[in-house]
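J.: Compute the structure for the input listed below.
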Amino acid sequence: MELTVWTYEGPPHVGALRIATAMEGVHYVLHAPQGDTYADLLFTMIERRDKRPPITYTTFQARDLGADTAGLFQQAVVDAYNRFQPQALLVGASCTAELIQDDPGGLAEAVGLPIPVIPLELPAYQRKENWGAAETFYHLVKKLAGPPPENRAERRDGQPMSCNILGPAALGFRHRDDLAEVSQLLTDLGVAINLVAPWQASPADIARIGEADFNVVLYPEIADTTARWLQRQFGQPYVKTVPIGVNATLDFIAAIADITGIDPAPYLRAHQSRLPWYSRSIDSTYLTGKRVFIFGDASHAIAAARVATEELGFKVVGLGTYSREFARDVRDAASNYDLDALITDDYLEVEARVQELQPELILGTQMERHIAKRLGIACAVISGPVHVQDFPAAHSPQMGFAGANVLFDCWVHPLVMGLEEHLLGMFSEDFEFHNGATASHLGGTPRKAAPQPDEGEQDGTTAWSEDAEKALGRIPFFVRGKARKNTEAYARELGIAHITVETLYDAKAHFSR
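T.: Just a heads-up that it's a prediction; the model follows:
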């Protein structure tokens, strides 16, 4: 284990809690010591839910370790059933309780409850949150799904094909809004929705999951394992395309049409995104070629790279993920941009890569937002982990044509504000700007460059003249760090100890060749 300030994912039992909290009629009994109840706050404070998540903790204490913790767990199971009357019960252990090896599954089974009990074996020291969510959803469906239908009922004339929408969960990045957008898209195409899971699905709903003709996987990190099992057991094909961006949405609609035989032309005539026109408009031409660094869960990172290059004209200079289970997919995507993918769950490694690349825009998680603020780089959040501000009251999807509009706004506006920031900095010495134009939307203080050694003593070998520093300050803040780094490298190579304005421009010419 490693002590850290931030983590991209919690332990796997948090993933299990995300599934239980998303569903109706499911309760989770977690064998955990006192102090492991922090998970409640993720839902009540971050997601702003109006009720506690459906979980019962055993909350054993140190003095209980010398007694019967197994009996304490069984009593918690009985109490949870009597109080909440769930239709199905999840049981498992937190990372700390895992060490005492009490076997929650066997203990709960011995109680003899009249409802399905799903034991979860989630190795907390080898796996993380999204894997825990995927395993929990898979075992729930495997336990609760009814037998495969012998023959799906013959459709009456005009009866639409149906699908299951899989993946939306609690504490998911824009999951509620994505679900609303995709559900409307499918309905407008003429596809019936058999059920959505795990979001607001009950065990009784899961029992009829095999009645659908096919599955739509919105979030592979959560639903891919389950979709593969349903394909094997029920013969249900599934749509793998995640509809983030205009082109991916068109591919998603084409995949639906291929399975159902529906003609998508009427839908496409009535529904379009404004992103293509906006990105071709004169106001967006200065965005072309902007250097962007992308990091997040695998699905959102891969989708963001495609949107950035194909639909906004950005240049992807870095692509990575913390989702090790999908590392191969991200590496394959990165190879399309001649990049080596960054696969890590260490935010310090991500920050080091950002400092090295000096991008003009970061598309990442809540962690990258903090990194961007420190380095003075424009940023937009595209993936969990997220903070309360990424659960907006307004409808703000990432998927579908409406989601593409949201992407344009969220990604382009930071760059527009960055241009404004640069202009304010350029004219900050004019008298009418004094005492009024120094506040910055990126941090509240005038921006210089990314954090550097003391001015005039970089590396102990180069110093900057006052005029050179002023000239450097006129370079846009989002590339100023790279300009400083290149100039100092140029000066060291030529043995120049004092950087002047001429040195700055000579270095610019040198690196522009």
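J.: The stretch 1-150 of the chain: helices as residue ranges?
T.: With DSSP state H, counting those that start in this stretch as the criterion, the stretch 1-150 of the chain has helices at 12-22, 39-41, 69-84, 104-111, 129-144.
J.: Which pLDDT value goes with Ala254?
T.: On pLDDT, Ala254 comes in at 97.
J.: what's the angle from the host helix or strand of Thr187 to helix 12-22?
T.: Element membership for Thr187, per DSSP states H and E: helix 175-189. Between the axes of helix 175-189 and helix 12-22, defined by axes from the mean of the first three to the mean of the last three Cα atoms, to 10 degrees, the angle is 50 degrees.
J.: which residues sit against stretch 387-404?
T.: For stretch 387-404, the surrounding residues in contact (Cβ atoms under 8 Å, 6 or more residues apart in numbering) are 45-48, 173-174, 177-178, 180-182, 184-185, 218, 242-246, 249, 271-273, 275, 300, 307, 311, 366, 381-382, 406-407. C-beta here means a position set from N, CA and C on the backbone, and glycine is covered the same way.
J.: Buried ones among those?
T.: Buried residues within the contacts of stretch 387-404, counting neighbours by 16 or more other Cβ atoms under 10 Å: 46-47, 173-174, 177-178, 180-182, 185, 218, 242-246, 249, 271, 273, 275, 300, 307, 311, 366, 381-382, 406-407.
J.: among the residues you listed, which are in strands?
T.: Using DSSP state E, the subset of those located in strands is Val381.
J.: The helices of the stretch 1-150 of the chain: which one's closest to Arg291?
T.: helix 129-144 (28.5 Å; Cβ to Cβ).
J.: C-terminal to that closest one, what's the next element?
T.: strand 162-166.
J.: Report the rounded mean pLDDT for the helix or strand following the helix holding Thr187.
T.: Heading C-terminal from helix 175-189, the first helix or strand you meet, by DSSP H and E, is strand 192-197. Taken as a whole, strand 192-197 has a mean pLDDT of 97.
J.: how about the next helix or strand after strand 192-197: buried residues?
T.: With elements assigned by DSSP H and E, the helix or strand that comes after strand 192-197 is helix 203-207. Across helix 203-207, burial judged by 16+ other Cβ under 10 Å covers Pro203, Asp205, Ile206, Ala207.
J.: Okay, now the unreliable bits of the stretch 351-500 of the chain?
T.: Applying pLDDT under 70 to the stretch 351-500 of the chain picks out residues 417-461, 476-478.
J.: make it 90
T.: 376, 386-393, 412-463, 466-467, 469-486, 489-490, 492-495, 497 (pLDDT under 90).
J.: can you give me the strands in it?
T.: Here the stretch 351-500 of the chain has its strands, by DSSP state E, counting those that start in this stretch, at 361-364, 378-381, 463-464, 498-499.
J.: would a markdown table of these with distance to Ser512 be doable?
T.: Shown next, in a markdown table, are these (distance: least, Cβ to Cβ, whole Å):
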| stretch | distance to Ser512 |
| --- | --- |
| strand 361-364 | 21 |
| strand 378-381 | 23 |
| strand 463-464 | 20 |
| strand 498-499 | 18 |
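J.: Give me whichever of these is most buried.
T.: strand 361-364 (a mean of 28; mean count of other Cβ atoms under 10 Å).
J.: now for that one, which elements pack on it?
T.: Counting contacts by 3 or more Cβ pairs under 8 Å, 6 or more residues apart in numbering; DSSP states H and E, strand 361-364 packs against strand 291-296, helix 366-375, strand 378-381, helix 400-426.
J.: Parallel or antiparallel, list what pairs with it.
T.: The strands beside strand 361-364 in its sheet (DSSP bridges) come out as strand 291-296 (parallel), strand 378-381 (parallel).
J.: Quick one: distance of it to the chain centre.
T.: 12 Å (Cα atoms, centre = their mean, to the nearest Å).
J.: Can you name the residues in contact with it?
T.: 290-296, 304, 308, 314, 350, 354, 368-369, 371-372, 377-383, 411, 414-415, 478.
J.: run the last query once more with 6 Å
T.: Residues lying outside strand 361-364 but in contact with it, judged by Cβ atoms under 6 Å, 6 or more residues apart in numbering, are 290, 292-296, 304, 368, 372, 377-380, 382, 415.
J.: for stretch 186-205, same thing?
T.: With Cβ under 6 Å, 6+ apart, stretch 186-205 has contacts from 19, 22-25, 87-88, 137, 144, 160, 162-166, 168-169, 211-212, 262, 267.
J.: one step back: got the angle between the helix holding Thr187 and strand 192-197?
T.: Using the same axes, to 10 degrees, helix 175-189 lies at 170 degrees relative to strand 192-197.
J.: With just CA atoms, put helix 175-189 into PDB.
T.: Once non-C-alpha atoms are left out, helix 175-189 reads as follows in PDB (Å, rounded to 0.1, in the frame of the first residue of the first chain):
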ATOM      1  CA  HIS A 175     -24.700   9.300 -15.700                       C
ATOM      2  CA  ARG A 176     -28.200  10.600 -15.000                       C
ATOM      3  CA  ASP A 177     -28.000  13.100 -17.800                       C
ATOM      4  CA  ASP A 178     -26.400  10.700 -20.300                       C
ATOM      5  CA  LEU A 179     -29.100   8.100 -19.500                       C
ATOM      6  CA  ALA A 180     -31.900  10.700 -20.200                       C
ATOM      7  CA  GLU A 181     -30.200  11.700 -23.500                       C
ATOM      8  CA  VAL A 182     -29.600   8.100 -24.800                       C
ATOM      9  CA  SER A 183     -33.000   6.900 -23.600                       C
ATOM     10  CA  GLN A 184     -34.700   9.600 -25.700                       C
ATOM     11  CA  LEU A 185     -32.400   8.900 -28.600                       C
ATOM     12  CA  LEU A 186     -33.400   5.200 -28.600                       C
ATOM     13  CA  THR A 187     -37.100   6.000 -28.200                       C
ATOM     14  CA  ASP A 188     -37.000   8.400 -31.100                       C
ATOM     15  CA  LEU A 189     -35.300   5.800 -33.200                       C
END
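J.: distance between it and the chain's centre?
T.: Distance, centroid of helix 175-189 to centroid of chain: 19 Å (Cα atoms, centre = their mean).
J.: Let me know the average pLDDT across it.
T.: The pLDDT scores in helix 175-189 average 97.
J.: now do stretch 90-99
T.: 82.
J.: for stretch 214-233, same thing?
T.: Per-residue scores along stretch 214-233 average to 97.
J.: For it, buried residues please.
T.: 214-227, 230.
J.: got it, and stretch 349-369?
T.: Those would be 350-351, 353-355, 358-369, for stretch 349-369 by 16+ other Cβ under 10 Å.
J.: Distance check, Lys254 against Ile262.
T.: Just so we're on the same page, residue 254 is Ala rather than Lys. Distance of Ala254 to Ile262, computed by Cβ to Cβ, to the nearest Å: 11 Å.
J.: Between those two, which is the more surrounded one?
T.: Ile262 (17 against 12; other Cβ atoms under 10 Å).
J.: Contacts only, for the more buried one.
T.: Leu189, Gly190 are the contacts of Ile262 under Cβ under 6 Å, 6+ apart.
J.: please redo it, this time with the cut-off set to 8 Å
T.: Leu189, Gly190, Val191, Ile256.
J.: Quick check: chain neighbours aside, which residue is closest to Phe314?
T.: Closest residue in space to Phe314, ignoring its immediate chain neighbours: Ala308 at 4.1 Å, by Cβ to Cβ, 6 or more residues apart in numbering.
J.: Going by residue numbers, what spans are helices in the stretch 201-350 of the chain?
T.: For the stretch 201-350 of the chain, applying DSSP H, counting those that start in this stretch gives helices covering 203-207, 220-234, 246-260, 265-270, 275-280, 298-310, 327-335, 347-357.
J.: Need those in CSV (columns: distance to Glu109).
T.: Below are the helices of the stretch 201-350 of the chain laid out as CSV (distance: least, Cβ to Cβ, whole Å):
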stretch, distance to Glu109
helix 203-207, 17
helix 220-234, 22
helix 246-260, 39
helix 265-270, 49
helix 275-280, 52
helix 298-310, 35
helix 327-335, 36
helix 347-357, 40
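J.: how about these, which one is nearest Gly71?
T.: It is, among the helices of the stretch 201-350 of the chain and with distance given as Cβ to Cβ, helix 203-207, at 27.5 Å.
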